[in-house]
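Participant: can you look at this prediction? I've put the sequence above it.
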Amino acid sequence: MTEQQVNEPQLVITRVFNAPAALVFKAWTEPVGLAQWWGPAGTTITIKTLDLKPGGRFHYCMHMPNGGEMWGLFTYREITPPQKLVFVNSFSDAEGNIVRGPFFPNWPLEILNTLTLEETDGKTTLTLKGGPINATEEEMQVFATHVQSMQGGFGSSFNRLDEYLATH
């Protein structure tokens with residue numbers, strides 16, 4: 001199957017951070033920063049790989065408060081410091097193979113995300129847009145029904161990013 005373009009529904013999140021774009025970009029692209037804020041409140045991550053280049057990967061394990069683990073993977077497509085990151089986000093196993101998400105049997109295997117950063121007067125507006133690629137109609141529908149909960153999950157992560165940026 002050839003890759004499909006991202007169609008609606010699409011996740012769109014905009015957030016303003018009281019930090020310059022270069023610092024926000026660094027928090028998204030360096031292991032020290034990502035390890036401190038990526039994931040919802042109460043989780044921690046262990047980074048297995050962070051190879052920041054087109055085709056490179058960010059492979060990590062998210063540790064849940066209840067002791068569970070969930071593996072994730074970003075595969076980078078475009079890196080334009082400090083304005084833009086384009087990456088495909090997937091659930092994975094410990095070896096970095098793409099797997100189905102643990103929550104829904106018909107969750108899309110790949111979500112294409114575009115992160116843009118715009119700085120004005122020392123503050124950065126982050127916009128994250130994402131949607132399924134190579135997805136079936138059923139996978140698109142499952143994604144659409146969970147956009148609001150994803151916004152909440154990212155909101156929790158972005159609260160942690162806000163705290164990280166305030167101290168760096």
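Facilitator: Looks like it arrived, so ask away.

Participant: could you pull out the helices for the protein?
Facilitator: With DSSP state H, the ranges of helices along the chain come out as 21-29, 31-37, 137-145, 147-166.

Participant: just say which of the ones you listed is most tucked in.
Facilitator: Sort these by mean neighbour count, taking mean count of other CB atoms under 10 Å, and helix 21-29 sits at the top with a mean of 20. No exception for glycine: its C-beta is placed from N, CA and C like everyone else's.

Participant: could you check how far the residue of the chain positioned farthest from its centre is from Val16?
Facilitator: In the chain, the residue that sits farthest from the middle, by CA atoms, centre = their mean, is Asp121; the gap is 25.8 Å. Remark: distance between Asp121 and Val16 (CB to CB, to the nearest Å) = 11 Å.

Participant: pretty sure Leu126 is touching Asn18, no?
Facilitator: No. Taking CB atoms under 8 Å as the definition, Leu126 is not a contact partner of Asn18, at 11.8 Å.

Participant: which one's more surrounded, these two?
Facilitator: Leu126 (20 against 10; other CB atoms under 10 Å).

Participant: report the contact partners of the more buried one.
Facilitator: 13-17, 24, 115-117, 158 (CB atoms under 8 Å, 6 or more residues apart in numbering).

Participant: mind checking which of the residues you listed are buried?
Facilitator: Neighbour-count burial within these applies to 13, 15, 17, 24, 115-117, 158; the criterion is 16 or more other CB atoms under 10 Å.

Participant: tell me the centre residue of this structure?
Facilitator: Among the residues of the chain, the one closest to the centroid is Asn89, at 6.3 Å (CA atoms, centre = their mean).

Participant: for it, name its beta-bridge partners.
Facilitator: As for beta bridges, Asn89 partners with Phe74, Ile111 under DSSP bridges.

Participant: how about Arg160: what's its closest non-neighbour residue?
Facilitator: Distances taken as CB to CB, 6 or more residues apart in numbering put Trp37 closest to Arg160, at 4.1 Å, once the chain neighbours are dropped.
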